[in-house]
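Trainee: just coords:
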Ligand SMILES: [Zn+2]
C-alpha cells in the first residue's frame with residue numbers, strides 16, 4: 001500500500017486553467033506569470049459592481065429616512081435625529097461618489 005502511494009505522483013493543478021504541475025513552486029510561478037493580471041481585473045470588476053450596488057442601497061436608505069422624517073408620529077427631536085443621520089449618510093455618499 002505504501003509503495004503504491006509513493007508511485008502516485010503528486011500533482012498540483014492550477015485552479016484557473018487546470019494545467020498540472022509536479023511541484024508547488026512551478027504552479028506558483030505559473031499562476032503568478034499567467035493569471036495574476038486576470039485575477040486582479042476580476043477582483044476589481046467585482047468590487048466596482050458591489051460598490052454601485054451598495055450605493056444604490058444607500059440612496060434607497062436615505063429615501064426611507066427622509067420618508068420617516070415627515071411622519072406625523074415623530075417628535076421634533078426624533079425628526080432632527082433622522083435629519084442628521086440622513087445628512088451624514090448623504091455626505092458619505094457624495095464623498096464616495098467623488099472618489100470613485
Ligand atoms: Zn493556469
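Mentor: Ah, there it is. Since the structure is predicted, the reported quantities are computational estimates derived from the model, not experimental observations. Residues are numbered from 1 along each chain as shown.

Trainee: so for stretch 10-30, what's the average pLDDT?
Mentor: Per-residue pLDDT values over stretch 10-30 give a mean of 93.

Trainee: Show me which positions of that stretch end up buried.
Mentor: Within stretch 10-30, the residues that count as buried by 16 or more other C-beta atoms under 10 Å are 12, 14, 21, 27, 30. Every C-beta, even on glycine, is put in place using the N, C-alpha and C of the backbone.

Trainee: The residues you listed: which ones sit near the ion?
Mentor: With C-beta under 5 Å from the ion as the criterion, the buried residues of stretch 10-30 include residue 14 near the ion.

Trainee: now, among the buried residues of stretch 10-30, which is nearest to the ion?
Mentor: residue 14 (3.2 Å; C-beta to the ion).

Trainee: Tell me which residues touch that closest one, please.
Mentor: By C-beta atoms under 8 Å, 6 or more residues apart in numbering, residue 14 lies in contact with 20, 21, 27, 30, 31, 35.

Trainee: Please determine how far it is located from residue 67.
Mentor: Per C-beta to C-beta, to the nearest Å, residue 14 is found 52 Å from residue 67.

Trainee: residue contacts, residue 69?
Mentor: Contacts of residue 69 by C-beta under 8 Å, 6+ apart are 79, 82, 83, 86.

Trainee: does the helix or strand containing residue 46 come close to the ion?
Mentor: Taking DSSP states H and E as the definition, one finds residue 46 inside helix 36-69. No: against the ion, helix 36-69 shows no contacts by C-beta under 5 Å from the ion, the least distance being 9.5 Å.
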